[in-house]
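In: sharing a sequence plus its predicted fold:
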Amino acid sequence: MKRFIAPLVLLVVATLVLLAGYLTGYLGREWPPANGLQVLWEPLPETDRQGVLTGLESPGEQLVVRLYEADRRTRWQAKSDRYQLDIRRRGPSVFVLDITTYQRRNGAAVARHLRTAIDLPAGNARVARYRVPGQQIVVERVEQ
């Protein structure tokens, strides 16, 4: 009987620690990515699809860029076969965006380049919309 008391006590203590961490929000918290940047391709919202001439199989898409740790970081970079990002913070809410998106349309490669400086408050903001090929870019500052 004594052999089972020590593991049982350890199990109860570990359960209480995990429960306390979850209830305080520490364990359930969404942690930012290591590079402070999350990039997603999503379908265009239904409200943004009107008047879009895509020439693609899909009704259009948006590049969603989420910036984490905007109060501490000054630069975010990412690259894939569909985009290249270089974003720099120049002030409390001023960001310089250098975003290139790549897409195939009717067998040809289409590259869209956006280079601008914007005042980006917390939350999300649509920074570019291309009628053809039905693509837009949304940048979101995630406050934690």
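Out: Sure, I can see it. Residues are numbered from 1 along each chain as shown.
In: now the helices: where do they sit in the protein?
Out: Using DSSP state H, the helices found in the chain span residues 2-23.
In: low-confidence stretches in it?
Out: 1-2, 21-31, 46-59, 131-134, 144 (pLDDT under 70).
In: domain map for it?
Out: 1-30, 32-141 (automatic domain parsing).
In: surely Val127 meets Val138?
Out: Yes: between Val127 and Val138 a contact is recorded at 7.1 Å, counting by C-beta atoms under 8 Å. C-beta: built from backbone N, CA, C; applies to glycine.
In: returning to that earlier point: out of the domains of the chain, which one sits most buried?
Out: domain 32-141 (a mean of 15; mean count of other C-beta atoms under 10 Å).
In: what is the end-to-end distance of it?
Out: Using C-alpha to C-alpha, to the nearest Å, one end of domain 32-141 lies 12 Å from the other.
In: one more: stretch 68-84?
Out: 18 Å.
In: now that stretch, how far from the centre of its chain.
Out: Centroid separation for stretch 68-84 versus its chain: 9 Å, with C-alpha atoms, centre = their mean, to the nearest Å.
In: I'd like the numbering to begin with 237 instead of 1 from here.
Out: Sure, I'll start numbering at 237, so the last one becomes stretch 304-320.
In: what's next to that stretch, contact-wise?
Out: If you take C-beta atoms under 8 Å, 6 or more residues apart in numbering as the criterion, stretch 304-320 is touched by 268-269, 271-275, 277, 299, 303, 321-325, 335-339, 358, 377-380.
In: mind listing the residues bridging to Ile373?
Out: Here Ile373 sits in beta bridges with Leu299, Ala364, as judged by DSSP bridges.
In: just checking, it touches Gln298?
Out: Yes: with contacts counted by C-beta under 8 Å, Ile373 reaches Gln298, the gap being 6.9 Å.
In: where do the strands sit along the protein?
Out: For the chain, the strands defined by DSSP state E occupy 273-279, 297-303, 311-315, 319-325, 330-341, 344-355, 359-366, 371-377.
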